[in-house]
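**Q** Have a look at this fold, sequence not included:
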């Protein structure tokens, strides 16, 4: 789990940087571009380009950090797309952890505690006599 956190920390921070730049550019594009669909497209392209630039020149390769064998160029390409998502990437993974991982961990934790409490100690086994 620590490797996963280390591998995704830098891309998340880079995504937050991209998100902040896009928020700043959003006010400018709102004033200059009247068509909302065109504005969304321009902002999306800017976000994607920023993500790719950060991945390429920041040497951010998510898959290699996760020990997944992949061509370096493809890793940079995919990492740039991940980074361009901003905090949405973080939100999606957070939701998945809360909805899937946390319940499984909680059930496994309390199941283990319940099993431990059911075990008889050696003294309990000796003192027990069937009737």
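**A** Yep, it's here. Keep in mind that this is a model prediction, so the values were computed, not measured.
**Q** Following the chain past the helix or strand of the chain with the lowest mean pLDDT, name the next helix or strand.
**A** When each helix and strand of the chain is scored by mean pLDDT, DSSP states H and E, helix 87-96 comes last, with a mean of 64. Downstream of helix 87-96, the first helix or strand assigned by DSSP states H and E is helix 102-118.
**Q** Low-confidence ranges, the protein, go.
**A** Counting by pLDDT under 70, the chain contains low-confidence residues at 1, 87-98, 120-126, 128-131.
**Q** Residue 4 reaches residue 67, doesn't it?
**A** No: Residue 4 lies out of contact with residue 67 (C-beta atoms under 8 Å); the separation is 10.5 Å. C-betas here are computed from N, CA, C, even on glycine.
**Q** Settle it for me: which of these two has more neighbours?
**A** residue 4 (11 against 8; other C-beta atoms under 10 Å).
**Q** And the helices in this protein?
**A** 2-32, 36-57, 62-65, 72-84, 87-96, 102-118, 122-127 (DSSP state H).
**Q** what's the second one in contact with?
**A** Put plainly, it is helix 36-57. Identification of contacts with helix 36-57 by C-beta atoms under 8 Å, 6 or more residues apart in numbering yields 14-15, 17-19, 21-22, 25-26, 29-30, 33, 60-61, 76-77, 79-86.
**Q** Please pick the buried ones from those residues.
**A** Buried by 16 or more other C-beta atoms under 10 Å: 14-15, 17-19, 22, 25, 60-61, 76, 79-86, out of those.
**Q** Roughly how far does residue 16 sit from residue 60?
**A** 13 Å (C-beta to C-beta, to the nearest Å).
**Q** Tally up the residues packed near residue 52, please.
**A** With other C-beta under 10 Å as criterion, residue 52 counts 17.
**Q** count of neighbours near the nearest residue to residue 30 once chain neighbours are set aside?
**A** Of all residues not flanking residue 30 in the chain, residue 39 sits nearest, at 6.8 Å (C-beta to C-beta, 6 or more residues apart in numbering). A count of nearby residues for residue 39, using other C-beta under 10 Å, gives 16.
**Q** and residue 39, how far is that from residue 32?
**A** 9 Å.
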